[in-house]
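Trainee: whatever this is, show me its structure:
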Amino acid sequence: MVMMRRVAMVLSMVIFGWVYQITHPPPPKICGRPGGPPVTGPRIKLRDGRHLAYTEYGLPKDVAKFKLIFIHGFTSCRYDRVVTFPPEVYQELGVHIVSFDRPGYGESDPDPNRTPESLAMDVEELADQLGLGSKFYVLGFSMGGQAVWGCIKYIPHRLAGAGMIAPVVNYWWPGFPSNLSTEAYYFQLPQDQWTLRVAHYAPWLTYCSGQLRAYPMQQGNFESLHRDMMVGFGRWEFDPMDMEINPIPDGGGSVHLWHGEEDQMVPVTLQRYIAKKLPWVKYHELPGKGHMFPLIPEISQSMIKALLYDEN
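Mentor: Predicted structure coming up:
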């Protein structure tokens, strides 16, 4: 009997250790700290002590007519800006662009408390520290496009305009009819359905998902990829579809949303519903295009021009 109790105790300890290991990620390897990757580019220091890495391109900001902050997508970084042009196009557009690593990505410090609001505050502080002026544009792709909703909600007074390129949607936003969001959810691959469901209902188990281990990030996957899933598909503080009028004050800027008709990653049906629900959003659907259409230079150039010059 005593032996059986000891065996049971050992087994319990082994099981507890295994459960703890698969549910608790290792600490991130923070850039510039012992054991972490080196810092190779400029960064700002935020009010809470975190660092945000960025890069600038286009016209110098002191001569540019427009200043724009680009927000990258999932598994990407500040260099994956999807909208790149020859020098003469930047000159023609008159734009200065800042692209930054979202928290936990690239060389930006993780933010364990990240929310849609906190990321919008990071964008505002980045603009202030870089001297982009009282008004600037934001443009985001995919998961970065979803982050633009936070900017529209929390810092509309700072926006000259906003653009979302194939933005990720949260299937649990209350504004979606349940039949529509359910149909779109099951449009995803089975393994993706599982990952999304865990991120929403049991975020503490997100690290158990082995699917994201195929995309190793230099500071670790938890505060980049897994945090993206928990924030992007978690319970939001607001529903974008509750914004019945354009939050940018006094009609001071337009909001554009571009989406590919054949997007296999983000169902177009949900974007169509958002566009119908929010008529102040200028919706552009691209026939025959998938998720990566902004990599086509002609399309990228037309999107930037539409955003900056408020063209349809």
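Trainee: H284 belongs to a strand?
Mentor: Yes. For H284, which was evaluated using DSSP: H, G, I helix; E, B strand; the rest coil, the result is membership in a strand.
Trainee: what's near enough to touch it?
Mentor: The neighbours of H284, taking Cβ atoms under 8 Å, 6 or more residues apart in numbering as the test, are 256-259, 303, 306. Every C-beta, even on glycine, is put in place using the N, C-alpha and C of the backbone.
Trainee: in helices only, show me these.
Mentor: Among these, the residues falling in helices (DSSP state H) are 303, 306.
Trainee: could you dump the contacts of H284 to JSON lines with neighbour count and pLDDT?
Mentor: Converted to JSON lines, the contacts of H284 look like this (neighbours: other Cβ atoms under 10 Å; pLDDT from 0 to 100):
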{"residue": "H256", "neighbour count": "21", "pLDDT": "98"}
{"residue": "L257", "neighbour count": "21", "pLDDT": "98"}
{"residue": "W258", "neighbour count": "26", "pLDDT": "98"}
{"residue": "H259", "neighbour count": "26", "pLDDT": "98"}
{"residue": "M303", "neighbour count": "22", "pLDDT": "95"}
{"residue": "A306", "neighbour count": "18", "pLDDT": "95"}
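Trainee: quick one: buried residues of stretch 93-101?
Mentor: Going by neighbour count (16 or more other Cβ atoms under 10 Å), the buried part of stretch 93-101 is 93, 95-101.
Trainee: now the strands for the stretch 101-250 of the chain?
Mentor: Under the criterion DSSP state E, counting those that start in this stretch, strands of the stretch 101-250 of the chain are mapped to 136-141, 159-165.
Trainee: can you tell me the strand partners of the shortest one and which way each runs?
Mentor: According to DSSP bridges, strand 136-141 has the following sheet partners: strand 66-71 (parallel), strand 159-165 (parallel).
Trainee: centre of the chain to that strand, how far?
Mentor: On the basis of Cα atoms, centre = their mean, to the nearest Å, strand 136-141 sits 11 Å off its chain's mean C-alpha point.
Trainee: can you tell me which of the contacts of H284 is nearest A184?
Mentor: Closest to A184 out of the contacts of H284 is H259 (12.7 Å), distances taken as Cβ to Cβ.
Trainee: now that closest one. Nearest residue, chain neighbours left out?
Mentor: Taking Cβ to Cβ, 6 or more residues apart in numbering, and ignoring the residues beside it in sequence, H259 has Q271 as its nearest neighbour in space, at 4.4 Å.
Trainee: next, that neighbour: secondary structure please.
Mentor: The local conformation at Q271, judged by three-state DSSP, is helix.
Trainee: follow-up on the earlier one: using TSV, lay out the buried residues of stretch 93-101 together with pLDDT, distance to K276 and secondary structure.
Mentor: Compiled in TSV, the buried residues of stretch 93-101 are given as follows (pLDDT from 0 to 100; distance: Cβ to Cβ, whole Å; DSSP: H, G, I helix; E, B strand; the rest coil):
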residue	pLDDT	distance to K276	secondary structure
L93	93	31	helix
V95	96	31	strand
H96	96	35	strand
I97	96	31	strand
V98	97	33	strand
S99	97	31	strand
F100	98	32	strand
D101	96	34	coil
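Trainee: out of these, which is nearest to T55?
Mentor: Distance to T55 across the buried residues of stretch 93-101 (Cβ to Cβ) is lowest for S99, with 5.5 Å.
Trainee: in contact with that closest one, which residues?
Mentor: Contact analysis of S99 by Cβ under 8 Å, 6+ apart lists 54-57, 69-70, 72, 78-79, 81.
Trainee: now H72
Mentor: Applying Cβ under 8 Å, 6+ apart to H72 gives the contacts 78, 80-82, 99, 101-102, 105, 140-141, 144.
Trainee: can you name the two of the contacts of H284 that sit furthest apart?
Mentor: When the contacts of H284 are compared pair by pair using Cβ to Cβ, the farthest-apart members prove to be H259 and A306, with a separation of 13.9 Å.
Trainee: please enumerate the helices of the stretch 51-200 of the chain.
Mentor: Secondary structure of the stretch 51-200 of the chain, counting by DSSP state H, counting those that start in this stretch: helices at 87-93, 116-129, 143-154, 178-185, 190-201.
Trainee: the first one - contacts with which helices or strands?
Mentor: When contacts are defined as 3 or more Cβ pairs under 8 Å, 6 or more residues apart in numbering; DSSP states H and E, helix 87-93 packs onto strand 51-58, helix 297-309.
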